[in-house]
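Student: okay, predicted coordinates and the sequence, questions at the end:
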Amino acid sequence: MSIPFPVPPLALYVHFPWCVRKCPYCDFNSHAPHDGGIPFTAWGQAVVADLEAALPQVAGRGVHSVFIGGGTPSLLPPAVLEKLLDTLRARLPFEAETEITLEANPGTVEVPRFRDYCAAGITRLSLGVQSFDDALLARIGRIHDGREARQALEAAFTHFGQVNVDLMYGLPGQGSEQVLADLETVIGGGAQHLSCYHLTVEPNTPFAVAPPEDLPGEDAVADMEEMTVARLAEAGFRHYEVSAFAHAGYECRHNLNYWHFGDYLGLGPGAHGKLTTSGCVVREMRHKHPTRYLEGAVRRDFIQERHVVDAEGLSFEFMMNALRLSDGVPATLFTERTGLPLEAIAGFLEQAQRAGLLDSAPDTLRPTAQGLRFLNDLLQVFLSDR
């Protein structure tokens, strides 16, 4: 049984796939440039052509947020970024106060560039610090040191009203006191939003081939996580999403659209998208390798994969997103976003509630504190018959 459902808010994700150097833990679609350097202009032109090819799917819809990720988008010359944003605005209406986020890494930016990014229209900066400890940064292959990270943080707050800081814990040789020192630096610097991630060894990365010998054990990492949550709560940060903490009013609107199962058009090499059209949800992925993507731009051939999500997939994907939020979502949102009756997952909901992983409130789909901490166990419930 399918129920007609409205079109949700629309966001844009734009992928910039180049980095100065690939980090040994990173499994993202990012590439160090070859001898020819980074083709900034060709990339910008291809993204615009990609949008133009996709316009029939999103024509007339307002843009809720824009996120430019990577890779290292702070390698972009400000003039290229400004031209791209102006062109995007000319083809799709941006809503009032559209949130426009740029990912940036210390060591790839200078203070004047932050100023120019702000002037180009960026409203929110997401700074990939990971740590302020020189030895730890070297162990994970970062190109910046602690001094550069502190300078970038200070410059970010000078020019942007909203700044996110990425931190990692569970790094090789890291102890709880170093995690706490990183937190104190960010808190003292005035951050309003933090994203805190546990370093995991992903397949097909240098760390997978040769894992660091002194990675903290599971118990030590669990202690780091508990300490992070407690210290940030003490500092006034709300743990609103499984990996994100924010002061009131500074939550990331773009990511909230993901977690509420909103739509997003993915542009750029390897970008993923989710679009609601003609009563169904379509998933897309652009050609992943930058060369293949740029070559495809000549032929207006951008899509590597496209499929309609079936009912079982919709149910799981909705829960996979919504249950990342500590507040969860209204139960009515399930039908609004999927076109399926809530009864379609009633058995799964009861099972998760019996396990103590899902709140029993009938009007809300919300993880318990245990469910948020052990999110994979909670999501496994909704995969049990697939």
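Tutor: Received it, and whenever you're ready, just let me know what you need.
Student: run through who's touching stretch 133-149.
Tutor: 20-25, 105-108, 129-132, 152, 168, 171-174, 178, 181-182, 199, 212 (Cβ atoms under 8 Å, 6 or more residues apart in numbering). Glycine gets a C-beta too; all of them are placed from N, C-alpha and C.
Student: which ones among those are found in helices?
Tutor: 152, 178, 181, 182 (DSSP state H).
Student: pLDDT below threshold where in the stretch 1-150 of the chain?
Tutor: 1-4 (pLDDT under 70).
Student: was I right about residue 38 contacting residue 75?
Tutor: Yes. Contact between residue 38 and residue 75 holds when scored by Cβ atoms under 8 Å: they sit 6.4 Å apart.
Student: okay, and the common contacts of those two?
Tutor: Common neighbours of residue 38 and residue 75 (Cβ under 8 Å, 6+ apart) are residue 18.
Student: quick one on the thing from earlier: would you format the ones in helices among the contacts of stretch 133-149 as a markdown table with distance to residue 54 and pLDDT included?
Tutor: Below are the ones in helices among the contacts of stretch 133-149 laid out as a markdown table (distance: Cβ to Cβ, whole Å; pLDDT from 0 to 100):
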| residue | distance to residue 54 | pLDDT |
| --- | --- | --- |
| 152 | 34 | 93 |
| 178 | 44 | 98 |
| 181 | 45 | 98 |
| 182 | 40 | 98 |
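Student: mind giving me the ChimeraX command for buried ones among the residues you listed?
Tutor: Typed into ChimeraX, the next command selects the buried ones out of these (criterion: 16 or more other Cβ atoms under 10 Å):
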select :152,178,182
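Student: which of the ones in helices among the contacts of stretch 133-149 sit farthest apart?
Tutor: Farthest pair in the ones in helices among the contacts of stretch 133-149 (Cβ to Cβ) is 152 and 178. Separation: 19.3 Å.
Student: now for residue 315, how many residues are close by?
Tutor: 20 (other Cβ atoms under 10 Å).
Student: could you do the one 3 residues further on as well?
Tutor: Residue 318 is surrounded by 24 other residues when neighbours are defined as other Cβ under 10 Å.
Student: who's in contact with it?
Tutor: Contacts for residue 318 (Cβ under 8 Å, 6+ apart) come out as 261, 334, 337, 338.
Student: and those residues, which two are furthest apart?
Tutor: Top of the distance list for those (Cβ to Cβ): 261 and 334, 8.6 Å.
Student: mutual contacts of those two, please.
Tutor: 318, 322.
Student: centroid-nearest residue for the chain?
Tutor: Nearest to the geometric centre of the chain sits residue 255, at 6.3 Å (Cα atoms, centre = their mean).
Student: C-terminal to the helix ranked longest in the chain, what's the next element?
Tutor: Criterion DSSP H: the longest helix present in the chain is helix 40-58. Next helix or strand after helix 40-58 toward the C-terminus (DSSP states H and E): strand 63-70.
Student: and the angle for that next one with helix 40-58?
Tutor: For strand 63-70 against helix 40-58, the angle by axes from the mean of the first three to the mean of the last three Cα atoms, to 10 degrees is 150 degrees.
Student: ok, now how distant is residue 217 from residue 153?
Tutor: Residue 217 sits 30 Å away from residue 153, going by Cβ to Cβ, to the nearest Å.
Student: ok, these two, which is more surrounded?
Tutor: Counting neighbours by other Cβ under 10 Å for residue 217 and for residue 153 shows that residue 153 has the greater number, 23 against 9.
Student: what sits against the spatially closest residue to residue 367 that is not a sequence neighbour?
Tutor: Closest residue to residue 367 apart from its sequence neighbours, by Cβ to Cβ, 6 or more residues apart in numbering: residue 323 at 5.0 Å. The neighbours of residue 323, taking Cβ under 8 Å, 6+ apart as the test, are 358, 365, 366, 367, 371, 372, 375, 378, 379.
Student: just residue 196 next, same as before
Tutor: Going by Cβ under 8 Å, 6+ apart, residue 196 touches 166, 167, 168, 169, 228, 232, 243, 244, 245.
Student: which of those are buried?
Tutor: Buried among these by 16+ other Cβ under 10 Å: 166, 167, 168, 169, 228, 232, 244, 245.
Student: can you lay out those as JSON lines showing distance to residue 119?
Tutor: JSON lines is the format used below for the buried ones among the contacts of residue 196 (distance: Cβ to Cβ, whole Å):
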{"residue": "166", "distance to residue 119": "24"}
{"residue": "167", "distance to residue 119": "28"}
{"residue": "168", "distance to residue 119": "31"}
{"residue": "169", "distance to residue 119": "35"}
{"residue": "228", "distance to residue 119": "35"}
{"residue": "232", "distance to residue 119": "32"}
{"residue": "244", "distance to residue 119": "27"}
{"residue": "245", "distance to residue 119": "29"}
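Student: which elements pack onto the longest helix of the chain?
Tutor: strand 10-16, helix 78-91, strand 263-267, strand 272-277, helix 290-299 (3 or more Cβ pairs under 8 Å, 6 or more residues apart in numbering; DSSP states H and E).
Student: tell me which of these sits nearest to residue 45.
Tutor: helix 290-299 (7.0 Å).
Student: burial count for the nearest residue to residue 41 once chain neighbours are set aside?
Tutor: Excluding the flanking residues, the one nearest residue 41 by Cβ to Cβ, 6+ apart is residue 80, at 6.8 Å. Applying other Cβ under 10 Å, we find 17 residues neighbouring residue 80.
Student: how about residue 80, what does it touch?
Tutor: Residue 80 touches 40, 41, 44, counting by Cβ under 8 Å, 6+ apart.
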